[in-house]
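**Q** Here is the input, now give the coordinates:
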Amino acid sequence: MKIESVELENIRSHADTRIEFSDGFNCLVGGLGTGKSSILYAVDFALFGEPIGRSYDYLLREDADFGKVTVKFTKNGKEYAIQRALRRQNDRISQDMEQLKFLEEGKVMAEMKGEAVAEQLASVTGFDRDIFREIVWIRQEHLKDVLNMTPSERQKKLDELFGLSDYEAAWTNLRPVIAGLEKESGILQMDADVVGIGELASRRNDAVKELEANENELAETKTRLLEAEKESQQTSERLKTLEAVRRANEQLHREEASLQARLSGIQQSSVRLNEEIEKRTKRVEESQKRLDNLNSQLNSSKGKLREIGLPPELTVEQLVNYRQTLTGEITGNLGREESLKGDISRSTQRITNLVKENTCPLCLQVLSPEYKENLMQRLYKEVADSKQQLTVLEDATGKHESIHNIIEAIIHNFQTNQTRMEEVSGQIEEEKKSLVDTQGRLGQSRNDETSVNAELTALRSRIKEFDVSELEKAEAENKAAYEMLSDLRHKAQANETSRGEIQKRLQALEERLKIAEQKTSRLEKVKKAVSLAQEIRQSYRSIQPKLRGEFVRYLERVVQQFLDELSGAEGAAVSVKIDEDYTPMVEGEKGQERSSLNLSGGERTQLAFAYRLGLGQLIMQWRAGHGLPMLFLDEPTESLGREDGSIDRLAESLSRLKTVEQIIAVTHSEAFAEKADHVIRLEKHENRSAASVER
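**A** Numbering: from 1, shown residues only. Got it, this is the predicted structure:
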């Protein structure tokens, strides 16, 4: 596995940072607080998603609500990427699972579920969170942790990493297992089913015999049942035939009653139609009388026209026109009458004035007696002529009004009688049509009556007397056959019910017998399991020291190889010995053994590196089948100084280390960074980290 790049968005002091790594020795160099270690913590978060002994507050940038890490790496020629994000909500920071993705060659292999991503990551890289944090990533001030442990702590820790503690746990855990098996064996030996398995087998055999007898009886009953069903079917068919004859006879009687009812209805309908014909004939005669009376009134009005000198054949429209003419003449005469009355009034007034005075009423001149007399005579004559004309006009107006009233009455009479005559004539026509229709229906009813009478006569000739004795005999035979069939069915049902009960009892006995046999078999297996578990437990007790010895020998060789590789040709010729509790001892050129506690700072650091590298190589081979692919170092120059050359020697050692494909180290030491293959410088401006590649 090799990390290609890391992308940080709002992670601690990194607002937007992308860093690319290469093979070999990569070094992140920068001052205090420039964001170097944040990159390693971000990689750990992207891979495993869990904080290291703290909350997510240490990762998300203080002024941001969202942060994201994307790590791209290669493995076996394929490109992979894993992406995780953080989100701040209500002063709480948590993973944004919707952003979680694991990609292979750009294709999403798992997303949104931490378990699925962890499974994919483990299958590709071969290590999990514990291996990464204990072996791959050597955190600041933790390089010498293994050397600083007590022998018992070191043995316990490494046994856990190698998986040897599982054997101790298995030895311990087998103790209650064996006790449980022994307890189960005692319980099974006292179990009633195991003790009484012989009796259960005997009861099962009895139930089998009882079931066989029941099935024989049931077979005999079913044979008799088939015969009874055949006999019942024959009697039922004969009964059905006779019942069909009876139903046919009853149907004829019903048809006779229906025809009789129909005939009665037709006769009643004929009576009603006769009554209706009489009523309609009477209504036609009455309407005709009304029409004749209206004609008589019309002729009387025409006679009145003759009396006033008008032709009797005048129409209503002509009479209306004539009435309008009379109305105009009357109106004109009344106007002339009013005019004459005015003239008479004025002349009379002038005469009155002349009698009282001798002055002309028009010109107011004084009149002579002779002229006054002549004037008065002339006025008297005008008054007399006007009265005579008025009398003539009044007589003419009276005659016109009389004729007008007569014509008005005749017009009203004509209009009223004409409408009524039309109504009466229409009623007469309707009644005549209804009368003709009723007479037709009466004829049809009489024809129907004749036809139904003929059908009724023919039907009665078909009705014959039915002999019920044959039907009663057939009913008795069918009843007896049905009772026999019912008895046999009940018996067969009882046999089947009994068989079901026997089968249930037999099934229960077989199940109990099966359980008893299983318990007996289980008892034998438990006895064997107890013996085998005791042997396995003893084997676990003995195999752990053997495996630890193998691991120690292999670890010793690997640590020596790494120590030689780190020391190079210029290093001192030393050898490493590791005892059974994984404690390393250094043997010098003169054969003197020294504890790691008695080494110088540089020597101890170099031994710690070799020991951690050897340990990682061995664990990765044991767990994943391949060596340590990469190494993370966080400030590995602790307790080293440049004056004595220890920092330079450590950097030289790491630059020569070819067993690990990729090393990513974080340091503030410029001397350490000088030996790296790929240097990335980190600086911080206005609380924002920035990365730049130096070489």
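**Q** Would you list the phi and psi of L103?
**A** Torsion angles at L103 (phi, psi; degrees, to the nearest 10) stand at phi -120, psi 140.
**Q** That one and F73 touch, don't they?
**A** No. Between L103 and F73 there is no contact under CB atoms under 8 Å: 11.0 Å. Every C-beta, even on glycine, is put in place using the N, C-alpha and C of the backbone.
**Q** Which residue of these two possesses the greater neighbour count?
**A** Between L103 and F73, F73 has the larger neighbour count (other CB atoms under 10 Å), namely 24 against 18.
**Q** ok, the more buried one to E401 distance?
**A** Distance, F73 to E401, by CB to CB, to the nearest Å: 133 Å.
**Q** With D564 instead?
**A** Taking CB to CB, one finds D564 at 162 Å from E401.
**Q** Let me see the backbone angles for V576.
**A** Dihedral pair for V576: phi -110, psi 140, per degrees, to the nearest 10.
**Q** Name the residues linked to it by a beta bridge.
**A** On the basis of DSSP bridges, V576 is bridged to V586.
**Q** And for it, the neighbour number?
**A** Using other CB under 10 Å, the number of residues around V576 comes to 23.
**Q** again with F551
**A** Counted with other CB under 10 Å, residues neighbouring F551 total 22.
**Q** Need the per-residue pLDDT for it.
**A** We have a pLDDT of 77 for F551.
**Q** mind listing the helices for the stretch 51-200 of the chain?
**A** All helices of the stretch 51-200 of the chain, identified by DSSP state H, counting those that start in this stretch, fall at 114-125, 129-131, 145-148, 151-162, 165-190, 192-195, 197-307.
**Q** For the shortest one, report the contacting residues that lie outside it.
**A** Contacts with helix 129-131, where a contact means CB atoms under 8 Å, 6 or more residues apart in numbering, come from L47, F48, E50, A118, L161, I619, M620, R623.
**Q** rerun at 7 Å
**A** With contacts defined as CB atoms under 7 Å, 6 or more residues apart in numbering, helix 129-131 is touched by F48, E50, I619, R623.
**Q** ok, Q288 - contacts?
**A** Applying CB under 7 Å, 6+ apart to Q288 gives the contacts I428.
**Q** quick revisit: what's the closest of the contacts of helix 129-131 to V392?
**A** The nearest member of the contacts of helix 129-131 to V392, counting by CB to CB, is E50 at 141.4 Å.
**Q** need the contact list for that closest one.
**A** Contacts here follow CB under 7 Å, 6+ apart; on that basis E50 touches R129.
**Q** Quick check: which element contains it?
**A** Assessed by DSSP states H and E, E50 sits outside every helix and strand.
**Q** Does V6 belong to a helix, a strand or coil?
**A** Here V6 is recorded as strand under DSSP: H, G, I helix; E, B strand; the rest coil.
**Q** Could you check how far the residue nearest to it when sequence neighbours are not counted is from R681?
**A** Nearest residue to V6, sequence neighbours excluded (CB to CB, 6 or more residues apart in numbering): I19, at 5.1 Å. For I19, the distance to R681 equals 11 Å [CB to CB].
**Q** ditto for K302
**A** Plainly put, K302 is 141 Å away from R681 if you go by CB to CB.
**Q** okay, the two: which has more neighbours?
**A** Comparing K302 with R681 by other CB under 10 Å, the one with more neighbours is R681, at 19 against 16.
**Q** Spell out the secondary structure type for that one.
**A** The three-state label given to R681 by three-state DSSP is strand.
**Q** Wait, it touches V29, no?
**A** Yes. If you go by CB atoms under 7 Å, R681 and V29 touch, sitting 5.7 Å apart.
**Q** For the stretch 351-500 of the chain, which segments count as helices?
**A** Ranges of helices in the stretch 351-500 of the chain, per DSSP H, counting those that start in this stretch, are 369-462, 468-567.
**Q** will you turn those helices into TSV that also has distance to K156?
**A** Shown next, in TSV, are the helices of the stretch 351-500 of the chain (distance: least, CB to CB, whole Å):
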stretch	distance to K156
helix 369-462	117
helix 468-567	12
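**Q** Can you tell me which of these has the worst average pLDDT?
**A** Note on the helices of the stretch 351-500 of the chain: helix 468-567 shows the lowest mean pLDDT, a mean of 78.
**Q** Which one of the contacts of helix 129-131 is nearest to R61?
**A** Minimum distance to R61 across the contacts of helix 129-131 is 19.5 Å, recorded for E50 (CB to CB).
**Q** The closest one and N148, how far apart?
**A** Distance from E50 to N148, counting by CB to CB: 26 Å.
**Q** Please apply the same query to H253.
**A** 122 Å.
**Q** just T397 next, same as before
**A** Applying CB to CB, the value for T397 to N148 is 157 Å.
**Q** got it, and Q617?
**A** Using CB to CB, Q617 is found at 21 Å from N148.
**Q** Neighbour count for the two, which is higher?
**A** Per other CB under 10 Å, whichever of Q617 and N148 has more neighbours is Q617, with 22 against 14.
**Q** Tell me who's in contact with that one.
**A** Applying CB under 7 Å, 6+ apart, we find Q617 in contact with V558, G627, L628.
**Q** V660 is in contact with the last one, correct?
**A** Read it as L628. Yes. Using CB under 7 Å, L628 makes contact with V660 at a distance of 5.6 Å.
**Q** which parts of stretch 35-53 are buried?
**A** For stretch 35-53, burial by neighbour count (16 or more other CB atoms under 10 Å) applies to 35-49, 51.
**Q** cool, and stretch 262-280?
**A** For stretch 262-280, a neighbour-count test (16+ other CB under 10 Å) marks L263, I266, S269, S270, L273, E276, I277, R280 as buried.
**Q** about what we covered before: which pair in the buried residues of stretch 35-53 spans the largest distance?
**A** By the measure CB to CB, K36 and G49 form the most distant pair in those, at 21.8 Å.
**Q** ok so, going back, weakest of the helices of the stretch 51-200 of the chain in terms of mean pLDDT?
**A** helix 165-190 (a mean of 70).
**Q** Hmm, K72 is touching K2, no?
**A** No. If you go by CB under 7 Å, K72 and K2 don't touch, sitting 10.0 Å apart.
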